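K.L.:
fold the following, please.
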Amino acid sequence: MEAYRQYRRIEHSVQQQIRHTASPTPSELESNATLSNDDKSDNNSDDNKDDEKQIIVDFNEKDTANDPTQWTIRRKLWTTLQIWLLVFVAGWASASTSTSHKVAAKALHVSGLAESLGTAMYLFGVAFGAVFAGPMSETVGRLPTYLGTFFVYLIWLMASALAPNFGAQIVFRGLAGFFAASSMSIYGGSLADMFPEKGSRASVWPWFALSPLLGPVISPVPSGWVTQYLGWRWVEWLNLIISGAVFVMALLFLPETSSNVILKVKAKLLVKNTGDNRYVAKGDEDGDSIGAMLGDHLQRMAYFIFRELTTLLFGLYLTLLYVLVYGFLHGFEFLFTDTYRFNTGQNYSAFAAIAIGILLGLPYVLVVNKIVRSRNNGEQGQEEQRLIPALIPSVLLTISMFWIGWTDRPDISDWSVLGACVLFGFSVMALFTTTYHYLIDAYGTAASSALCAATFMRYLASGGMVIATEPLYKAIHVEWTMTLLGCVAGLLTPVPWIFWWSGSKLREKSKYAVGGGDDSKDEKDDSKDEQDDN
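P.N.:
Predicted structure coming up:
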């Protein structure tokens, strides 16, 4: 297990540090540790207070193997790939059962609308699980959070496959989503652990963004055929098989990426080997509990949802994107089965068109970002320039909605609707990637709470959309459903344009944004340092 090897490396580093001192006393190890700022102000106090000073444990020049920011690019990419797969399979399971809801409804003797709760409950679980995942990963570490919750998630996937009745199925699906939330919400923190500089993060993030988007888009393709030929329970077994394989890989090879948690381990080993209790990991001077962190986290989330214009508007935009994606899980039956008489396998294979559009969106984002950097002499530039790749796709998203709605007719080829789905996937990729990137850079150290607020909003709304899709399409039909969604997309079209033009002025008024008010000085300083490093 990589976690054990990582622990042994930290232990070896501590022992080596102690051996290079004449005697393992705190004063002789201060070259590898720094007194906390509070203690520095007490330097003129009585000598008998020396033993009360904290000794802050940080990485030193010999700790490159333990410091995630100093890992080789190969190790960073290998770790990123494993996290990518954890996110991908969790997203896969969120959408796969939508392909079998009619078959499962007959087997469990409920209506198709009731069976749509199977997918909705998973998404509701993700929404509420994400609230707890962030503070947990900051306290106990990314690795225990990933592996611990993912293992429980596998148990609930197996329970869903064996569910004896409808009530058990939706409860098990909700619990599976709750424990899958860690993989689907804390990946941003893992990337920031390894890629703290804005330049390197900008290069990695567009590739990583494929994971949360492709998972729910690709899974209906094989799941539709599995449903048609093997039955609804085999869709759940397929979820379990691929998720289990990724879990085994992560269990063997995934390391801890949180510097704070690694330093906590190092501090504990120093205490154990020296007998001195004053060693404290950098960033852990206050020793906040998970309860205190959760309370602060919830307060920030509420602030970002209800009082921060930037996160409110971009949260609504991200919510719209996911509502559209998950709405299509049941909407494609009306688009392709009712109009073009596709069977189950063919119907959900149409999701490949959205996947193609997402893949086409990746080079577009990379090329535009490269052009922006070249015009800034290789620098990332102001945070609002992250939104440039979203400007045109914000218009194309609206166009794709009207295109789908008003060409989905038997006298028009199904290739027209599929082409519109490609455009839709392209727009979603560009908008999702740039919006997330902007929020990360705009909110600095407060980005985790801002993104968690957006995650909560989009998965909660997506679950509601899954339930509402069938009644909506039946009530106003395809053309007016797409027109309604297109109008909503049109109302949000100006959002990236407005923030591209005047986002810096809005950030100045923000409590948490980089370059904001007095409470965001730390974020502003961090941003300046990162730009200087670039």
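K.L.:
for the rest of this, base every contact and every neighbour count on C-alpha atoms.
P.N.:
OK.
K.L.:
low-confidence stretches in the protein?
P.N.:
21-52, 285-290, 378-380, 445, 515-534 (pLDDT under 70).
K.L.:
strands of that one, start to end?
P.N.:
Ranges of strands in the chain, per DSSP state E, are 33-35, 55-57, 279-281.
K.L.:
the second one packs against which elements?
P.N.:
When you say that, I think you mean strand 55-57. Secondary-structure packing of strand 55-57 (3 or more Cα pairs under 8 Å, 6 or more residues apart in numbering; DSSP states H and E): strand 33-35, helix 259-274, strand 279-281.
K.L.:
how about the ones you listed in JSON lines, adding distance to Arg233 and mean neighbour count?
P.N.:
Shown next, in JSON lines, are the helices and strands packed on strand 55-57 (distance: least, Cα to Cα, whole Å; neighbours: other Cα atoms under 10 Å):
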{"stretch": "strand 33-35", "distance to Arg233": "56", "mean neighbour count": "18"}
{"stretch": "helix 259-274", "distance to Arg233": "40", "mean neighbour count": "20"}
{"stretch": "strand 279-281", "distance to Arg233": "48", "mean neighbour count": "26"}
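K.L.:
and the ones you listed as CSV, adding distance to Gly315?
P.N.:
Shown next, in CSV, are those (distance: least, Cα to Cα, whole Å):
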stretch, distance to Gly315
strand 33-35, 40
helix 259-274, 29
strand 279-281, 34
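K.L.:
out of those, nearest to Ile18?
P.N.:
Ranking the helices and strands packed on strand 55-57 by their distance to Ile18 (criterion: Cα to Cα) puts helix 259-274 first, at 8.4 Å.
K.L.:
neighbouring contacts of the closest one?
P.N.:
10-11, 14, 24-26, 57-59, 66-68, 138-141, 193, 256, 276-284 (Cα atoms under 8 Å, 6 or more residues apart in numbering).
K.L.:
filter those residues down to the buried ones.
P.N.:
Listed as buried from those are 10-11, 14, 24, 26, 57-59, 66-68, 138-139, 141, 193, 256, 277-283; burial here means 16 or more other Cα atoms under 10 Å.
K.L.:
surely Leu143 touches Leu251?
P.N.:
No. Using Cα atoms under 8 Å, Leu143 is not in contact with Leu251, being 9.1 Å away.
K.L.:
outline the domain layout of this protein.
P.N.:
The chain is divided into the following domains under automatic domain parsing: 2-39+53-64+258-281, 68-256+290-533.
K.L.:
just give me the longest helix of this structure.
P.N.:
Across the chain, the longest stretch assigned as helix under DSSP state H is helix 447-492.
K.L.:
check the offset of that helix from the chain's centre.
P.N.:
Centre-to-centre, helix 447-492 and its host chain are 19 Å apart (Cα atoms, centre = their mean, to the nearest Å).
K.L.:
count of neighbours near Thr72?
P.N.:
11 (other Cα atoms under 10 Å).
K.L.:
what sits against Tyr438?
P.N.:
Counting by Cα under 8 Å, 6+ apart, Tyr438 touches Glu383, Glu384, Arg386, Leu387.
K.L.:
nope, Ser394 is what I meant
P.N.:
Applying Cα under 8 Å, 6+ apart, the residues contacting Ser394 are Ser427, Leu431, Thr493, Pro494, Pro496.
K.L.:
filter the contacts of helix 259-274 down to the ones in helices?
P.N.:
Ile10, Glu11, Val14, Glu138, Thr139, Asp193.
K.L.:
now render the residues you listed as TSV, adding distance to Ala461.
P.N.:
What follows is those, written out as TSV (distance: Cα to Cα, whole Å):
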residue	distance to Ala461
Ile10	43
Glu11	46
Val14	48
Glu138	27
Thr139	29
Asp193	30
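K.L.:
from the residues you listed, pick the one nearest Lys370.
P.N.:
Asp193 (23.4 Å).
K.L.:
gap between the closest one and Leu320?
P.N.:
Per Cα to Cα, to the nearest Å, Asp193 is found 29 Å from Leu320.
K.L.:
also Glu11?
P.N.:
On the measure of Cα to Cα, Glu11 and Leu320 end up 48 Å apart.
K.L.:
got it, and Ser13?
P.N.:
From Ser13 to Leu320 the distance is 49 Å (Cα to Cα).
K.L.:
now swap in Leu157 and tell me
P.N.:
Remark: distance between Leu157 and Leu320 (Cα to Cα) = 28 Å.
K.L.:
again, but for Trp501
P.N.:
Distance from Trp501 to Leu320, by Cα to Cα: 22 Å.
K.L.:
which residue packs closest to Ser137, ignoring adjacent ones?
P.N.:
Closest residue to Ser137 apart from its sequence neighbours, by Cα to Cα, 6 or more residues apart in numbering: Thr145 at 5.6 Å.
K.L.:
test my guess that that neighbour contacts Glu138.
P.N.:
No. Applying Cα under 8 Å, one finds Thr145 not in contact with Glu138, separated by 9.2 Å.
K.L.:
number of residues surrounding Ser427?
P.N.:
By other Cα under 10 Å, the burial measure for Ser427, its neighbour count, is 29.
K.L.:
not counting its neighbours along the chain, what's nearest it?
P.N.:
Leaving out its chain neighbours, the residue that sits closest to Ser427 by Cα to Cα, 6+ apart is Pro393, at 4.7 Å.
K.L.:
that neighbour: how many residues sit nearby?
P.N.:
Pro393 sits with 23 neighbouring residues when counted by other Cα under 10 Å.
K.L.:
same question for the one 5 residues further on.
P.N.:
Burial measure for Thr398: 23 neighbouring residues, criterion other Cα under 10 Å.
K.L.:
can you give me the distance of it to Phe432?
P.N.:
15 Å.
K.L.:
ok, the most centrally placed residue in the chain - contacts?
P.N.:
The C-alpha lying nearest the average C-alpha coordinate of the chain belongs to Ser185 (Cα atoms, centre = their mean; 3.8 Å). Ser185 sits next to Ala130, Ala133, Gly134, Cys452, Thr455 when contact means Cα under 8 Å, 6+ apart.
K.L.:
before we move on, the earlier item: more crowded one of Leu157 and Leu320?
P.N.:
A direct count of neighbours by other Cα under 10 Å for Leu157 and Leu320 places Leu157 higher, at 27 against 21.
K.L.:
show me the contacts for the more buried one.
P.N.:
Contacts of Leu157 by Cα under 8 Å, 6+ apart are Phe172, Arg173, Ala176, Glu236, Trp237, Asn239, Leu240.
K.L.:
same check, this time on Tyr317
P.N.:
Taking Cα under 8 Å, 6+ apart, we find Tyr317 in contact with Leu492.
K.L.:
for the residue nearest to Ala120 when sequence neighbours are not counted, give its distance to Thr319.
P.N.:
Leaving aside its sequence neighbours, Ala120 sits nearest to Gly463 (Cα to Cα, 6+ apart; 4.1 Å). When distance is defined by Cα to Cα, Gly463 is 11 Å away from Thr319.
K.L.:
with adjacent residues omitted, what lies nearest to Asn165?
P.N.:
Per Cα to Cα, 6+ apart, closest to Asn165 is Leu108, 6.0 Å.
K.L.:
helices along the stretch 101-250 of the chain, start to end?
P.N.:
Under the criterion DSSP state H, counting those that start in this stretch, the stretch 101-250 of the chain contains helices at 101-108, 112-115, 117-139, 142-161, 166-185, 187-194, 198-208, 210-218, 220-230, 232-253.
K.L.:
most widely separated two among the contacts of Ser394?
P.N.:
For the contacts of Ser394, the maximum inter-member distance is 14.5 Å, found between Ser427 and Pro494 (Cα to Cα).
K.L.:
ramachandran coordinates for Gln54?
P.N.:
Per-residue torsions, Gln54: phi -80, psi 140 (degrees, to the nearest 10).
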